[in-house]
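Student: Sharing a model prediction with you, sequence too.
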Amino acid sequence: MGKNLLDEKYLENYLNKLGIKFQIIKYEKPVISTKNAEQQINGIIAKSILLICDNKPLLCFLLGKDLIDLNKIKKYFNCNEVRLAKAKEVKEITGYDIVLYHL
């Protein structure tokens with residue numbers, strides 16, 4: 001797969017370059033939802049959602065409490081078909097299992 005641009009160090013460098021204040025937290029227990037993650041750290045969660053838009057990956061970032069509107073995404077990016085990526089696709093495209101980072 002070559003160099004993975006979504007690894008932890010790359011994310012740290014990228015957010016620092018943009019001047020975004022953040023903290024990466026490693027969870028003691030497995031996290032299965034943003035609500036579960038917020039309970040573990042008592043904080044605000046930012047989540048990334050990998051979509052497939054006309055068979056191309058599209059990574060969206062939003063607050064953990066927010067929901068993504070696939071119809072708005074479809075309209076904004078002028079896609080015929082938009083769907084959530086399957087766990088297997090997330091692993092294939094990013095090289096990682098689904099995880100959460102605290103910002």
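Tutor: Here it is on my side, so go on.

Student: switch to C-alpha atoms for all contacts and neighbour counts from now on
Tutor: Noted.

Student: what's the nearest residue to residue 49 if we skip its chain neighbours?
Tutor: residue 60 (5.2 Å; CA to CA, 6 or more residues apart in numbering).

Student: Would you mind measuring from the one you found to residue 47?
Tutor: Per CA to CA, to the nearest Å, residue 60 is found 8 Å from residue 47.

Student: coming back round to it: so which other helices or strands are in contact with the helix or strand hosting the residue nearest to residue 49?
Tutor: Assigned by DSSP states H and E, residue 60 belongs to strand 56-63. When contacts are defined as 3 or more CA pairs under 8 Å, 6 or more residues apart in numbering; DSSP states H and E, strand 56-63 packs onto strand 45-53.

Student: what pairs with the strand it packs on, and is each one parallel or antiparallel?
Tutor: strand 56-63 (antiparallel), strand 82-84 (antiparallel), strand 101-102 (antiparallel) (DSSP bridges).

Student: The ones you listed: which one's closest to residue 70?
Tutor: strand 82-84 (6.5 Å; CA to CA).

Student: tell me what the helix or strand containing residue 71 is packed against?
Tutor: In the assignment (DSSP H and E), residue 71 maps to helix 70-76. In terms of contacts (3+ CA pairs under 8 Å, 6+ apart), helix 70-76 is packed against strand 82-84.

Student: contact partners of the strand it packs on?
Tutor: Identification of contacts with strand 82-84 by CA atoms under 8 Å, 6 or more residues apart in numbering yields 49, 50, 51, 52, 53, 54, 70, 73, 74.

Student: do that again at 7 Å, thanks
Tutor: The contact list for strand 82-84 (CA atoms under 7 Å, 6 or more residues apart in numbering) reads 50, 51, 52, 53, 54, 70, 74.

Student: what element comes up after it heading to the C-terminus?
Tutor: Assigned by DSSP H and E, the successor of strand 82-84 is helix 87-94.

Student: just the angle between that next one and strand 45-53, please?
Tutor: Helix 87-94 and strand 45-53 are oriented at 90 degrees to each other (axes from the mean of the first three to the mean of the last three CA atoms, to 10 degrees).

Student: For helix 87-94, buried residues please.
Tutor: 89, 90, 94 (16 or more other CA atoms under 10 Å).
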